[in-house]
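Undergrad: Show me how the following folds:
(chains A, B and C)
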Amino acid sequence: MTFRKKVLEIVKKIPKGKVMTYAEVAQAAGLPKAWRAVGNILSKNKNPKVPCYRVIKSTGEIGGYNRGKRKKISLLKKEGIKIKNSASGAGLLIN
DNA sequence: CGTATGACGTGCA
DNA sequence: GTGCACGCCATAC
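TA: Numbering: from 1, shown residues only, chains lettered A, B, ... in the order given. Got it, this is the predicted structure:
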């Protein structure tokens, strides 16, 4: 079980309507200091079953998305999460 | 095997 | 409040 796969598993287990930060995912994967790699892995994530859009930065920022940050925001909004500011503002509301 | 990179995080100016 | 720089880990080439 590589760290990469573990991270993907964790992200897959994220409940609907909820979000996790890269740091949280890394911690859940067993390497709380590997959030760096988490982002890197998700960026190269080729598994469509992984809702990588539910993973955000610890600062509350959206971060980025393979298919465009815009799309990520839309998906999160559908889940009940609204984005206050996508830049520096760092604000997302959960319902 | 070694180097470079990245969807980050925190600290400091 | 905003901007810049450093540090960290795993993956890719």
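Undergrad: So which bits of chain A are right by DNA strand B?
TA: A:21-23, A:35-37, A:39-40, A:42-43, A:45, A:52-53, A:55, A:57-59, A:61, A:63-66, A:72 (CB under 7 Å from any atom of the strand). Every residue, glycine included, has its C-beta placed from N, CA and C.
Undergrad: So which of those residues reach DNA strand C?
TA: Contacts with DNA strand C within the residues of chain A next to DNA strand B, counted by CB under 7 Å from any atom of the strand: A:36-37, A:40.
Undergrad: Please flag which of the residues of chain A next to DNA strand B sit within strands.
TA: Mapping these onto strands (DSSP state E) picks out A:21, A:55.
Undergrad: Buried ones from the residues of chain A next to DNA strand B, can you make that a ChimeraX selection?
TA: Applying 16 or more other CB atoms under 10 Å to the residues of chain A next to DNA strand B, the buried members can be selected in ChimeraX as follows:
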select /A:21,22,23,35,37,39,42,45,52,53,55,57,61,63,65,72
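Undergrad: Name all residues that make contact with the closest residue to DNA strand C within chain A.
TA: Closest to DNA strand C within chain A is A:Ala37: 2.6 Å, counting by CB to the nearest atom of the strand. Counting by CB atoms under 8 Å, 6 or more residues apart in numbering, A:Ala37 touches A:3-4, A:7, A:26, A:31.
Undergrad: Between those, identify the one with the most neighbours.
TA: A:Val7 (29 neighbours; other CB atoms under 10 Å).
Undergrad: For it, give its distance to A:Tyr65.
TA: Between A:Val7 and A:Tyr65 the computed distance is 16 Å (CB to CB, to the nearest Å).
Undergrad: residues contacting the residue most central in space within chain A?
TA: Note on chain A: the residue nearest the mean C-alpha position is A:Val55, at 1.0 Å, using CA atoms, centre = their mean. Going by CB under 8 Å, 6+ apart, A:Val55 touches A:11, A:14, A:19-22, A:25, A:38, A:42, A:63.
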